[in-house]
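*Asks:* whatever this is, show me its structure:
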Amino acid sequence: MVDAASEAEVRAAAEPKSDQINADDLTGGRTMDVTITATKSYLDDQGRTRIACRLDGTTRVYRPCVTMIRLLIVCWGSDSREWIGRRIRLYTDPGVTFGRDRVGGLRISHASGLDGPVKVTLTERRGQRKEWVVQPLGETAPITTPALLDVLGAAGLTVEQVDAWRAGMTPPRCPVVDLAQAEVDQFAVWLSADAARLDAVRGAK
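*Replies:* Numbering: from 1, shown residues only. Next comes the predicted model:
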């Protein structure tokens, strides 16, 4: 038998040590649904006012670029107090450039609190405008996939215990609900493959 780290362990090792969610976190078509719990303004390196969004279930923040801030204003208004408790779906657009380099950037595809799709044309960079479409996102996040629920049910565990265990890791991991569908399925397989892992979840506080 080959002694090798599992795919889940490799992904965990690749997570960047950062105080914010980055484009690299959502490569390969992955998405993340997050709930905004607070907003705070700050000045960037050039003295411009920016917004940082604190998120439920993670210590990392989302710092939307200027275009995404404008998109949120179109969806929810400029009073950021109205943003609290609402949800967005993030994805990485690999076509985002910085200077001449293609670096990728976080974008918003869905937002809660919408009656229907929102279409708006915004200036992305000097002389270039782009149409954005934001789709409605349900107010309640999906719990998880049946595969993980079956594993936890057989072991007498709950999703809340798994989240507590993941939060206690170094660095802390996001709640299960913030994982992509494929990641949850992979995590379920990884968790069920070793009874010691289930015991660790059981002992989490």
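*Asks:* wait, Asp33 sits on Asp178?
*Replies:* Yes - Asp33 lies in contact with Asp178 (CB atoms under 8 Å); the separation is 6.6 Å. All C-beta atoms are positioned from the backbone trio N, CA, C, and that covers glycine.
*Asks:* and the next helix or strand past the helix or strand bottoming out on mean pLDDT in the chain?
*Replies:* One helix or strand of the chain scores below all others by mean pLDDT, DSSP states H and E: helix 7-14, with a mean of 62. Next helix or strand after helix 7-14 toward the C-terminus (DSSP states H and E): strand 31-43.
*Asks:* same for that next one, what does it pack against?
*Replies:* Where contact means 3 or more CB pairs under 8 Å, 6 or more residues apart in numbering; DSSP states H and E, strand 31-43 is packed against strand 49-55, strand 87-93.
*Asks:* report the rounded mean pLDDT for the next helix or strand after the first one.
*Replies:* Beyond strand 49-55 in the direction of the C-terminus, DSSP H and E gives the next helix or strand as strand 61-62. Averaging the model's pLDDT scores along strand 61-62 yields 94.
*Asks:* before we move on, what about stretch 104-119?
*Replies:* On average, stretch 104-119 scores 91.
*Asks:* what about this protein, any weak spots by pLDDT?
*Replies:* 1-3, 5, 7-17, 98-99, 139-146, 180-182, 205 (pLDDT under 70).
*Asks:* where's the residue nearest the centre of it relative to Cys174, distance?
*Replies:* With distances taken as CA atoms, centre = their mean, the residue of the chain nearest its centroid is Met32 (3.4 Å). Taking CB to CB, to the nearest Å as the measure, Met32 falls 8 Å from Cys174.
*Asks:* cool, and Tyr42?
*Replies:* For Tyr42, the distance to Cys174 - CB to CB - is 23 Å.
*Asks:* okay, the two: which has more neighbours?
*Replies:* Neighbour totals were compared for Tyr42 and Cys174, and Cys174 leads with 22 against 11 (other CB atoms under 10 Å).
*Asks:* spatially nearest residue to the more buried one (excluding sequence neighbours)?
*Replies:* Thr58 (5.1 Å; CB to CB, 6 or more residues apart in numbering).
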